[in-house]
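S.K.: This is a predicted model, with the sequence first.
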Amino acid sequence: MVDLDALRGKYLANIAAAADEAALEEIRLAALGKKGEISLMMRELGGMAPEARQAAGARLNVLKDEIDAALRARKAGMADAALDARLAAEWLDVTLPGRPRRVGSIHPVSQVMDEVTAIFADMGFAVAEGPQVESDFFNFDALNIAPEHPARQEHDTFFMARAADDPRPPHVLRTHTSPVQIRAMQAQGAPIRVIAPGRVYRMDMDQTHAPMFHQIEGLAIGRDISMANLKWTLEEFFSAFFETKVRTRFRASHFPFTEPSAEVDIQCSWVNGQLRIGEGDGWLEVLGSGMVHPKVLASAGVDPEQWQGFAFGIGIDRLAMLKYGIPDLRAFFESDLRWLRHYGFAAGDVPTVHGGLSR
Ligand code: PHE
């Protein structure tokens, strides 16, 4: 039989000299693989005389175990060395100061929209939406504002371009969120209870007016929804929004799309130049409202003999100024980071009726 000591010497030397795991695997196959040197020798045992076979078999087994153990040990050694190398190369200085990340904030208009939506959602109003570039029909005609109606001038409308030979009236940047009343009723019919927050546009610019601002439209249509329901809903809303009991005052007014119409004031006082909502004997106008005009219901495909209800439109920017003491409307849309940081709200702090509207 071949010299097993020489074999052992050869394989142990090869294992010690192996450069990597692939080399180790080659050595394993050469010795212990199916056609490996040791395996073939084991197979030859069958042809030996019983006594010789026993002696040779035992020695071969010892050799096989020895080579196997050497292979495993070398492999483990390689893994340890690789880990040591990684640990030495990749390291983290945990004493370095952190890198600051700029955190954005929620704009007061977004915050107030979320607050108002949360309050009305709690009263069963869904959110509806419409386009900001609106057709003449939805912005005016369907709302009972005829072409010659003076309200068209009052709205200081931005008109979109039309080809000179196009006889159709031009589209407009919607002057209010009221067209969403029509769209929502056309899509859903009655009964319906929706609010529609969004941007509106009028040619106007001073400390309290911007050419783009925000409104929330409210609409509730049912079999017997009345002005009393409107008043309760708005008082409930303002008290929730300002987080204090707020009284309202309804003043007779006129809108083409409501009959009767009312402008609504909320109770307030000025103390040392400071505005306080919900106390004192001053009044602040905050919204327009009324019972939806039968013609408006009809133009939205709702039968005015069967259905009635109220609508209102609130200026959101105005509400934000009042609730958060912001003096100048123009700053809302200047994107000055100092202003945004000062008046902004923490992202992720979502207003809810049960969890709190503002912090
Ligand atoms: N659309 C009116 C405005 O922008 C507000 C309003 C809405 C009034 C709904 C009555 C009913 O001034």
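M.R.: Received, thanks.
S.K.: which stretches of the stretch 151-300 of the chain form strands?
M.R.: 172-173, 192-201, 212-222, 248-255, 258-271, 274-277, 282-292 (DSSP state E, counting those that start in this stretch).
S.K.: in the third one, what's buried?
M.R.: Read that as strand 212-222. 213-221 (16 or more other C-beta atoms under 10 Å). Bear in mind the C-beta positions are built from the backbone N, C-alpha and C, glycine included.
S.K.: Adding pLDDT and distance to the ligand, write those out as TSV.
M.R.: TSV is the format used below for the buried residues of strand 212-222 (pLDDT from 0 to 100; distance: C-beta to the nearest ligand atom, whole Å):
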residue	pLDDT	distance to the ligand
Phe213	93	10
His214	95	11
Gln215	96	6
Ile216	97	10
Glu217	98	6
Gly218	98	7
Leu219	98	8
Ala220	98	11
Ile221	98	13
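S.K.: Make TSV from the residues you listed and add distance to Ala76 to it.
M.R.: TSV is the format used below for these (distance: C-beta to C-beta, whole Å):
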residue	distance to Ala76
Phe213	72
His214	68
Gln215	72
Ile216	69
Glu217	73
Gly218	73
Leu219	75
Ala220	76
Ile221	78
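S.K.: Over to Ile119. Which of the three states is it?
M.R.: Look at Ile119: counting by DSSP: H, G, I helix; E, B strand; the rest coil, its state is helix.
S.K.: Okay, the residue in the stretch 101-250 of the chain positioned nearest to the ligand and Asp5: tell me how far apart.
M.R.: Of all residues in the stretch 101-250 of the chain, the one sitting closest to the ligand is His176 (3.4 Å; C-beta to the nearest ligand atom). Noted for His176: a distance of 101 Å to Asp5, by C-beta to C-beta, to the nearest Å.
S.K.: okay, the two: which has more neighbours?
M.R.: A direct count of neighbours by other C-beta atoms under 10 Å for His176 and Asp5 places His176 higher, at 22 against 10.
S.K.: for that one, what are its contacts?
M.R.: 139, 155, 200, 215, 217, 313 (C-beta atoms under 8 Å, 6 or more residues apart in numbering).
S.K.: let's go with 10 Å and repeat that
M.R.: 134, 139, 143, 155, 198, 200-202, 215, 217, 255, 257, 288, 313, 315 (C-beta atoms under 10 Å, 6 or more residues apart in numbering).
S.K.: For the lowest-mean-pLDDT helix or strand in the chain, buried residues please.
M.R.: Between all helices and strands in the chain, the lowest mean by mean pLDDT, DSSP states H and E belongs to helix 151-154, at a mean of 71. Going by neighbour count (16+ other C-beta under 10 Å), the buried part of helix 151-154 is 151-152.
S.K.: cool, and stretch 322-332?
M.R.: Applying 16+ other C-beta under 10 Å to stretch 322-332 flags 322-323, 326, 329, 331-332 as buried.
S.K.: cool, stretch 252-263 as well?
M.R.: 255-258, 261-263.
S.K.: on that earlier part again, now the weakest link among the strands of the stretch 151-300 of the chain, please, by mean pLDDT.
M.R.: Note on the strands of the stretch 151-300 of the chain: lowest mean pLDDT is at strand 274-277, with a mean of 85.
S.K.: and that one, C-alpha only, in PDB?
M.R.: The C-alpha trace of strand 274-277 is given here as PDB (Å, rounded to 0.1, in the frame of the first residue of the first chain):
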ATOM      1  CA  GLN A 274     -55.000  91.600  20.100                       C
ATOM      2  CA  LEU A 275     -57.900  89.900  18.400                       C
ATOM      3  CA  ARG A 276     -59.800  87.300  20.500                       C
ATOM      4  CA  ILE A 277     -62.300  85.000  18.900                       C
END
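S.K.: just checking, what packs against that strand?
M.R.: Counting contacts by 3 or more C-beta pairs under 10 Å, 6 or more residues apart in numbering; DSSP states H and E, strand 274-277 packs against helix 227-242, strand 258-271, strand 282-292, helix 316-324.
S.K.: TSV please, covering these and showing distance to Gly189.
M.R.: Converted to TSV, the helices and strands packed on strand 274-277 look like this (distance: least, C-beta to C-beta, whole Å):
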stretch	distance to Gly189
helix 227-242	19
strand 258-271	20
strand 282-292	14
helix 316-324	27
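S.K.: Any idea which of those gets closest to Trp91?
M.R.: For Trp91, the closest of the helices and strands packed on strand 274-277 is helix 316-324, at 47.9 Å, according to C-beta to C-beta.
S.K.: Taking strand 212-222 as reference, get the angle to that closest one.
M.R.: 100 degrees (axes from the mean of the first three to the mean of the last three C-alpha atoms, to 10 degrees).
S.K.: helix or strand right after helix 316-324?
M.R.: Using DSSP states H and E, the helix or strand that follows helix 316-324 towards the C-terminus is helix 337-343.
S.K.: What mean pLDDT does the following helix or strand past that next one get?
M.R.: Next in sequence after helix 337-343, counting helices and strands by DSSP H and E, comes strand 345-346. Strand 345-346 shows a mean pLDDT of 88.
S.K.: now strand 345-346, how far from the centre of its chain.
M.R.: 14 Å (C-alpha atoms, centre = their mean, to the nearest Å).
S.K.: Could you list every helix and strand in contact with that strand?
M.R.: strand 105-106, helix 108-122.
S.K.: helices or strands next to the last one in the packing?
M.R.: Yep, that's helix 108-122 we're talking about. Counting by 3+ C-beta pairs under 10 Å, 6+ apart, helix 108-122 packs on strand 105-106, strand 126-127, strand 192-201, strand 212-222, helix 227-242, helix 316-324, helix 337-343, strand 345-346.
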